[in-house]
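Enquirer: I'd like to go over a predicted model; first the sequence, then the structure.
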Amino acid sequence: ARILQVSSKVNCAWHAASPFSSSVPTVKLFIDGKFVESQSDKWIDIHNPATNEVIGRVPQSTKAEMDAAVASCKRAFPAWADTSILSRQQVLLRYQQLIKENLKEIARLITLEQGKTLADAEGDVFRGLQVVEHACSVTSLMLGETMPSITKDMDLCSYRLPLGVCAGIAPFNFPAMIPLWMFPMAMVCGNTFLMKPSERVPGATMLLAKLLQDSGAPDGTLNIIHGQHEAVNFICDHPDIKAISFVGSNRAGEYIFERGSRHGKRVQANMGAKNHGVVMPDANKENTLNQLVGAAFGAAGQRCMALSTAILVGEAKKWLPELVERAKNLRVNAGDQPGADLGPLITPQAKERVCNLIDSGPKEGASILLDGRKIKVKGYENGNFVGPTIISNVKPNMTCYKEEIFGPVLVVLETETLDEAIKIVNDNPYGNGTAIFTTNGATARKYSHLVDVGQVGVNVPIPVPLPMFSFTGSRSSFRGDTNFYGKQGFQFYTQLKTITSQWKEEDATLSTPAVVMPT
Ligand code: NAD
């Protein structure tokens, strides 16, 4: 009922009674500019993670529906690619305004389906909005290059041109931000786009699609299909899809990278993480402890940039009791409840997995200093809640260190020196984000130069780059060679064409064939 309430305000038509069963609203497909009911006989329930009530159903799109969506993208491509760059920019300028006007509505949908707090959901939309604003810089960032008089009477120029139909496959943890890393960037370059949102949180993407249509994006420039493996395989294999943007787990990302690449597509894949916060004893203690707690437990740890591992160096290990006290004070509640600091995990299976990883700690010799496994949230007894949990005495060979936990769990290691800490970080297979906390510039410089991690924060716990830079990631956290957004986003969604022109004066015409390579 709340989805209907939310969506009616923006006149969205994607949740209507399903012809197949029950009164649970269904999520529509978006094909050729229309929100249409799927004819699929396979549906997936969407749950409110705070209650586990079924709040909607999303179809596993049929092959015919997915074919229709790609055909629509393909039909729309020539005219869209031919639209003036200023017109495409205008669509996005209107879009960013509509996102701002509907920010709270999108955030409410996110909290309902994903569980994060409303304030954090607004941040999710806001960070995506910034990428839309960045996409409006297309007029400078899509510029090619020129070189006059490369040889006599000859000039060279290059154009950045769209690829054709591009596709996006998104995870559950940022229902607005991550789709907004994808289709606005691709479309402003002149591509058309096939989006597959996470089957667990499709609502925000559907609302964003409606707002894009209201901003003037022509029919067929964005199509949306739903589903899981079949939809993913369809995207990897379809010959009319030229590029895939993926964000999610390593299991899915490595598979998509390989399968998509095998079919000749460009693929960029942002994947899992184990982000370390290295705490030096000279750090500003008050700031550092607050930053660590916020970055470890915010969004219930379901962020790829969550600071899920602390390495306390030397005397900083004495700060552990205070860290625990601060984490204890966080309020766990349904995301739409006032004062909630963190909400539930996405599914009961996610909760079980996180609890099993916590269990593994003491079995392998670690100590649980704060245990969130048994938390009860009044009024939300069926929700997937885990309270803030801190595991200390952790060693790099333990399961709770090796696995990405993706829950409100901070694992704590200790070292005597910075060098030992750097070795731990670089021996970990992931290279998404990291932070060092120190008041010593030389220590900060040494750390940022020696760690092999894509995004490094110096007294910044979650160093997600603003959109004029690119979101990076090294080693197992990224596959591909061109990153999301920033200048690299424009490179990913365009291909180069060079034009070499020679305009000779009449009296300089060639008198004989030129049969050798010019030197
Ligand atoms: P996920 O891999 O389960 O799902 C992502 C997408 O892939 C979904 O659309 C899903 O339908 C599809 N998918 C799932 N399993 C698949 C499979 N076996 N084969 C093919 N497709 C599959 O990821 P998630 O649980 O939704 O998201 C959490 C993960 O995403 C975490 O590992 C997190 O670190 C990562 N993440 C990374 C970044 C980043 O920028 N590096 C950002 C956000 C999330």
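Expert: That came through fine.
Enquirer: By proximity to the ligand, which residue of the chain wins?
Expert: Using C-beta to the nearest ligand atom, the closest approach of the chain to the ligand is made by Gly248 at 2.7 Å. Where you see a C-beta, it was placed from the backbone N, CA and C, and this is true even at glycine.
Enquirer: so what's that residue up against?
Expert: 169-171, 198, 270-271 (C-beta atoms under 8 Å, 6 or more residues apart in numbering).
Enquirer: can you list contacts of the helix or strand harbouring Thr205?
Expert: Following DSSP states H and E, one finds Thr205 within helix 203-214. By C-beta under 8 Å, 6+ apart, the residues outside helix 203-214 that reach it are 3, 6-7, 10-12, 14, 27-28, 30, 33, 35, 46, 56, 91, 94-95, 98-99, 102, 105-106, 109-110, 112-113, 125, 170, 175-176, 179-180, 183-184, 195, 197, 219, 222, 224.
Enquirer: The residue of the chain closest to the ligand and Ser511: what is the separation?
Expert: For Gly248, the distance to Ser511 equals 63 Å [C-beta to C-beta, to the nearest Å].
Enquirer: Over to Leu320?
Expert: Distance, Leu320 to Ser511, by C-beta to C-beta: 85 Å.
Enquirer: Pick out whichever of these two has more residues nearby.
Expert: Leu320 (17 against 5; other C-beta atoms under 10 Å).
Enquirer: For the helix or strand hosting the more buried one, list every residue counted as buried.
Expert: Using DSSP H and E, the element containing Leu320 is helix 320-328. For helix 320-328, a neighbour-count test (16 or more other C-beta atoms under 10 Å) marks 320, 323-324, 327 as buried.
Enquirer: Please apply the same query to stretch 69-87.
Expert: Of the residues in stretch 69-87, 69-74, 76-77, 80-81 count as buried by neighbour count, 16+ other C-beta under 10 Å.
Enquirer: again with stretch 297-317
Expert: Neighbour-count burial for stretch 297-317 [16+ other C-beta under 10 Å]: 297-314, 316-317.
Enquirer: Narrow those to those in helices?
Expert: Using DSSP state H, the members of those that fall within helices are Phe297.
Enquirer: contacting residues for Ser158?
Expert: Contacts of Ser158 (C-beta under 8 Å, 6+ apart): 144-146, 496-499.
Enquirer: Of these, which is the nearest to Asn393?
Expert: Distance to Asn393, by C-beta to C-beta, is smallest for Leu496 among the contacts of Ser158, at 53.3 Å.
Enquirer: The closest one contacts Pro162, correct?
Expert: No - taking contacts as C-beta atoms under 8 Å, Leu496 lies outside contact range of Pro162: 11.7 Å.
Enquirer: The two: which has the busier surroundings?
Expert: A direct count of neighbours by other C-beta under 10 Å for Leu496 and Pro162 places Pro162 higher, at 24 against 11.
Enquirer: Up against the ligand, what does this protein have?
Expert: Residues of the chain found near the ligand (C-beta under 6 Å from any ligand atom) are 169-174, 196, 198-199, 228-229, 232, 247-249, 251-252, 255, 270-273, 304, 404, 406, 432, 471, 473, 477.
Enquirer: which of the residues you listed count as buried?
Expert: 169-174, 196, 198-199, 232, 247-248, 252, 255, 270-273, 304, 404, 406, 432, 471, 473, 477.
Enquirer: Could you tell me which of those residues are located in helices?
Expert: Reading helices off those with DSSP H, I get 232, 252, 255.
Enquirer: Gln60 versus the last one, what's the distance?
Expert: Here the distance between Tyr255 and Gln60 works out to 18 Å (C-beta to C-beta).
Enquirer: Arg353: how many residues sit nearby?
Expert: Arg353: 16 neighbours (other C-beta under 10 Å).
Enquirer: Next SSE downstream of the one helix or strand it maps to?
Expert: When elements are assigned from DSSP H and E, Arg353 belongs to helix 348-363. The first helix or strand that comes after helix 348-363 along the chain, using DSSP H and E, is strand 367-370.
Enquirer: ok, back up a step: so which of the buried residues of helix 320-328 is the closest to Thr519?
Expert: Nearest to Thr519 out of those is Leu323 (C-beta to C-beta; 68.2 Å).
Enquirer: Excluding chain neighbours, what is closest to that closest one?
Expert: Spatial nearest neighbour of Leu323, chain neighbours left out: Leu289 (5.5 Å); criterion: C-beta to C-beta, 6 or more residues apart in numbering.
Enquirer: That neighbour contacts Pro321, correct?
Expert: No - using C-beta under 8 Å, Leu289 makes no contact with Pro321, being 10.6 Å away.
Enquirer: for the record, mean pLDDT for the particular helix or strand that has Ala69 in it?
Expert: Element membership of Ala69, judged by DSSP H and E, is helix 63-82. For helix 63-82, the mean pLDDT works out to 98.
Enquirer: And the contacts of it?
Expert: Helix 63-82 has contacts (C-beta under 8 Å, 6+ apart) with 29, 31-32, 38-40, 61, 88, 161-162, 164-165, 187, 190-194, 218-221, 223-225, 227, 230-231, 234, 238, 240-241.
Enquirer: Mind listing residues that contact the helix holding Leu320?
Expert: Residues outside helix 320-328 that contact it (C-beta under 8 Å, 6+ apart): 285, 289-290, 292-293, 296-297, 310, 312, 369-370, 388, 390, 392, 410, 412.
Enquirer: could you pull out the helices for the stretch 401-519 of the chain?
Expert: Using DSSP state H, counting those that start in this stretch, the helices found in the stretch 401-519 of the chain span residues 418-427, 441-450, 486-492.
Enquirer: Any chance of those in TSV with mean pLDDT and mean neighbour count as columns?
Expert: Formatted as TSV, these follow (pLDDT from 0 to 100; neighbours: other C-beta atoms under 10 Å):
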stretch	mean pLDDT	mean neighbour count
helix 418-427	98	17
helix 441-450	98	14
helix 486-492	97	22
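Enquirer: And the ones you listed: which comes nearest Thr151?
Expert: Nearest of these (C-beta to C-beta): helix 486-492, 27.6 Å.
Enquirer: if we can go back for a sec, need the per-residue pLDDT for the residue nearest to Leu323.
Expert: The model reports Leu289 with a pLDDT of 97.
Enquirer: Kindly calculate the angle that the helix or strand encompassing it makes with helix 320-328.
Expert: Using DSSP H and E, Leu289 falls within helix 285-297. Angle between the axes of helix 285-297 and helix 320-328 is 50 degrees (criterion: axes from the mean of the first three to the mean of the last three C-alpha atoms, to 10 degrees).
Enquirer: List the contacts of helix 285-297.
Expert: Contacts of helix 285-297 (C-beta under 8 Å, 6+ apart): 277, 279, 305-308, 310, 319, 322-323, 326-327, 330, 341-342, 388, 408-410, 435, 437, 459, 461-462.
Enquirer: can you pull the contacts of the residue nearest to Pro162 when sequence neighbours are not counted?
Expert: Leaving aside its sequence neighbours, Pro162 sits nearest to Gly190 (C-beta to C-beta, 6+ apart; 3.5 Å). For Gly190, the contact set (C-beta under 8 Å, 6+ apart) comprises 80-83, 85, 88, 161-162.
Enquirer: Would you indicate which residues of stretch 364-382 are buried?
Expert: Buried-residue list, stretch 364-382, by 16+ other C-beta under 10 Å: 366, 368-373, 377, 380.
Enquirer: chain center to it, what's the gap?
Expert: Relative to the centre of its chain, stretch 364-382 is centred 28 Å away, using C-alpha atoms, centre = their mean, to the nearest Å.
Enquirer: now do the same end-to-end measure for it.
Expert: Chord length of stretch 364-382, first to last residue, is 30 Å (C-alpha to C-alpha, to the nearest Å).
Enquirer: now do stretch 109-125
Expert: 11 Å.
Enquirer: from memory Leu418 sits against Ser448, does it?
Expert: No - Leu418 is beyond contact range of Ser448, at 11.8 Å (criterion: C-beta under 8 Å).
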